[in-house]
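*Asks:* just coords:
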């Protein structure tokens with residue numbers, strides 16, 4: 001029996017599906033296009049390739065790897081195999097992916113904040129929870145979640161979003177992953193790990209659009225109108241469900257798929273510059289300033305614990321290039337800002353680290369004239385706090401020369417202090433006295449006036 005009677009010889013390769021989306025790189029044209037005019041981009045994989053080994057049989061492969069044993073006949077006909085009980089070694093068999101059996105894969109929660117619900121019974125999320133295929137995830141107002149997929153990709157959901165892990169399977173024949181995330185409402189951002197093996201498949205769906213990738217960073221936003229995809233890294237193939245020719249959207253571009261299947265593309269707005277003054281947030285509230293972006297209809301700003309924005313704690317949208325947040329605990333934080341176009345596309349992000357110092361407090365003592373001194377202080381903590389100034393002679397333990405309490409200004413004048421060395425400090429006194437804050441004791445020498 002000659003080899004060409006069983007299957008055509010192909011170059012040697014490890015098991016997998018011959019498809020790749022990462023090489024796509026052309027610029028999509030502007031405007032609305034009918035589906036028949038979309039630029040070609042590879043469709044999702046439909047076939048796997050298996051390189052046969054000695055003693056392989058088609059019947060045995062079907063028992064181990066197919067959903068139904070009888071589907072060996074489909075592969076037999078596709079590859080012109082005359083005897084299913086015998087396979088020539090060292091050839092490549094074409095096998096439809098739909099026939100292959102998959103083992104369950106899982107995702108896990110990296111972090112979450114606020115009210116996050118899982119499953120049809122909407123039970124509360126827990127840190128590190130394992131998520132199976134079919135799991136529904138819902139984030140409430142002011143709530144956020146990040147998960148890690150089986151291939152190491154990360155998915156982040158901001159507030160008021162609903163997503164389902166529609167497909168999470170490891171194909172037994174190839175060992176590769178088939179993953180599908182369905183956005184039912186709201187937004188999703190994903191950083192897709194480099195897909196191992198040509199058979200791996202990773203896509204994000206909405207009811208009216210599909211975005212498929214091989215390794216990239218992109219966002220998906222779906223509400224009552226079109227489905228928006230914004231590409232921040234790599235290239236994403238975008239089209240309506242069932243499309244055999246999705247459009248390749250490169251980095252820095254966005255694609256809007258309309259309910260009727262038409263697609264509109266546009267260049268994403270540039271990242272807004274964040275003011276250097278944002279780096280120290282010492283007020284009671286947090287305030288951020290951005291450089292205006294031409295063409296921006298609004299601005300979106302998020303706060304996170306980490307630079308990758310897996311642990312988002314707050315977000316806001318503003319019509320002006322400014323943002324304000326309620327108080328946060330002290331420590332190191334990160335801010336990320338984007339400009340949003342009039343068509344709803346969120347632009348490229350700008351990220352800035354900042355330091356949160358909830359109670360910035362300092363004071364100074366300066367001489368006014370021969371007989372008077374002036375204590376001044378700066379404080380950016382609780383606006384309901386009042387202040388207290390203490391002055392005590394050095395060497396006279398337990399004796400306080402001056403103790404002025406219930407001060408509500410930012411200065412106190414000291415007149416006719418006796419000459420000598422003193423220590424002084426200023427306190428910011430909280431209404432409940434639980435978070436009182438004092439400056440360090442400092443030394444000053446009062447001399448005879450002249």
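*Replies:* Received, thanks. As the structure is a computational prediction, the values presented were derived from the model and not from experiment.
*Asks:* mind listing what residue 280 touches?
*Replies:* Neighbour list for residue 280: 354, 355, 357, 360 [criterion: C-beta atoms under 8 Å, 6 or more residues apart in numbering]. Quick note: C-beta positions are derived from backbone N, CA and C, even for glycine.
*Asks:* scratch that, residue 73 is what I was asking about
*Replies:* residue 84.
*Asks:* how about it, secondary structure?
*Replies:* At residue 73, secondary structure determined by DSSP: H, G, I helix; E, B strand; the rest coil is helix.
*Asks:* any idea how far it is from residue 124?
*Replies:* As judged by C-beta to C-beta, to the nearest Å, residue 73 and residue 124 stand 49 Å apart.
*Asks:* ChimeraX command for the buried members of the contacts of residue 280?
*Replies:* In ChimeraX, a selection of the buried entries from the contacts of residue 280 looks like this (16 or more other C-beta atoms under 10 Å):
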select :354
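*Asks:* for the contacts of residue 280, work out which two are farthest apart.
*Replies:* Within the contacts of residue 280, two members stand farthest from each other by C-beta to C-beta: 354 and 360, at 13.1 Å.
*Asks:* the residue lying closest to residue 152 once chain neighbours are set aside: which element?
*Replies:* Spatial nearest neighbour of residue 152, chain neighbours left out: residue 193 (4.1 Å); criterion: C-beta to C-beta, 6 or more residues apart in numbering. For residue 193, there is no helix or strand it lies in under DSSP states H and E.
*Asks:* wait, residue 193 touches residue 215, no?
*Replies:* Yes: Residue 193 is within contact range of residue 215, at 6.5 Å (criterion: C-beta atoms under 8 Å).
*Asks:* distance between stretch 411-418 and the chain's centre?
*Replies:* 55 Å (C-alpha atoms, centre = their mean, to the nearest Å).
*Asks:* that one: which residues count as buried?
*Replies:* Quick answer for stretch 411-418 (16+ other C-beta under 10 Å): 412, 414, 417.
*Asks:* swap in stretch 59-77?
*Replies:* 59, 61, 62, 65, 66, 71, 72, 74, 75, 76.
*Asks:* can you give me the offset of that stretch from its chain's centre?
*Replies:* That offset, for stretch 59-77, works out to 42 Å (C-alpha atoms, centre = their mean).
*Asks:* so how far is the first residue of that stretch from its last?
*Replies:* Distance between the two ends of stretch 59-77: 13 Å, counting by C-alpha to C-alpha, to the nearest Å.
*Asks:* residue 321 touches residue 275, doesn't it?
*Replies:* No: in this structure residue 321 lies outside contact range of residue 275 using C-beta under 8 Å: 9.4 Å.
*Asks:* where do the contact lists of those two overlap?
*Replies:* 289, 290, 291.
*Asks:* Serialize these to CSV and add fields for secondary structure.
*Replies:* CSV is the format used below for the shared contacts of residue 321 and residue 275 (three-state DSSP):
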residue, secondary structure
289, strand
290, strand
291, coil
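*Asks:* of all those residues, which comes closest to residue 115?
*Replies:* Comparing these against residue 115 with C-beta to C-beta places residue 290 closest, at 28.9 Å.
*Asks:* mind listing what's buried in stretch 112-123?
*Replies:* The neighbour-count check on stretch 112-123 (16+ other C-beta under 10 Å) flags 112, 113, 114, 116, 117, 118 as buried.
*Asks:* which outside residues touch it?
*Replies:* Contacts to stretch 112-123, defined as C-beta under 8 Å, 6+ apart, come from residues 124-125, 127, 129, 131, 135-146, 159, 311-313.
*Asks:* list only those of those residues flagged as buried.
*Replies:* By 16+ other C-beta under 10 Å, these give 125, 129, 131, 135-139, 143-146, 159, 311-313 as buried.
*Asks:* out of those, list just those in strands.
*Replies:* 131, 136, 137, 138, 139, 144, 145, 146, 312, 313 (DSSP state E).
*Asks:* quick one: secondary structure of residue 77?
*Replies:* Classified using three-state DSSP, residue 77 is helix.
*Asks:* returning to what we had before: which pair in the buried residues of stretch 59-77 spans the largest distance?
*Replies:* 65 and 76 (14.5 Å).
*Asks:* re the thing from before, okay if I get the buried residues of stretch 112-123 as JSON lines plus secondary structure, distance to residue 237 and pLDDT?
*Replies:* Shown next, in JSON lines, are the buried residues of stretch 112-123 (DSSP: H, G, I helix; E, B strand; the rest coil; distance: C-beta to C-beta, whole Å; pLDDT from 0 to 100):
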{"residue": "112", "secondary structure": "strand", "distance to residue 237": "30", "pLDDT": "97"}
{"residue": "113", "secondary structure": "strand", "distance to residue 237": "32", "pLDDT": "96"}
{"residue": "114", "secondary structure": "coil", "distance to residue 237": "33", "pLDDT": "96"}
{"residue": "116", "secondary structure": "strand", "distance to residue 237": "30", "pLDDT": "98"}
{"residue": "117", "secondary structure": "strand", "distance to residue 237": "31", "pLDDT": "98"}
{"residue": "118", "secondary structure": "strand", "distance to residue 237": "30", "pLDDT": "98"}
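*Asks:* dihedrals phi and psi, the residue nearest to residue 152?
*Replies:* phi -70, psi 150 (degrees, to the nearest 10).
*Asks:* what's the burial count for the residue nearest to residue 431 when sequence neighbours are not counted?
*Replies:* Nearest non-adjacent residue to residue 431, counting by C-beta to C-beta, 6+ apart: residue 384, 4.9 Å away. If you count neighbours by other C-beta atoms under 10 Å, residue 384 ends up with 10.
*Asks:* least confident secondary structure element in the chain?
*Replies:* Least confident helix or strand of the chain, by mean pLDDT, DSSP states H and E, is strand 31-33 with a mean of 34.
*Asks:* what's the following helix or strand after it?
*Replies:* Next element after strand 31-33 (DSSP H and E): strand 47-51.
*Asks:* counting by contacts, list what that next one packs against.
*Replies:* strand 92-96 (3 or more C-beta pairs under 8 Å, 6 or more residues apart in numbering; DSSP states H and E).
*Asks:* touching the strand it packs on from outside, list them.
*Replies:* 7, 9-10, 13, 46-52, 58, 61, 74-75, 78-79, 81, 87, 173.
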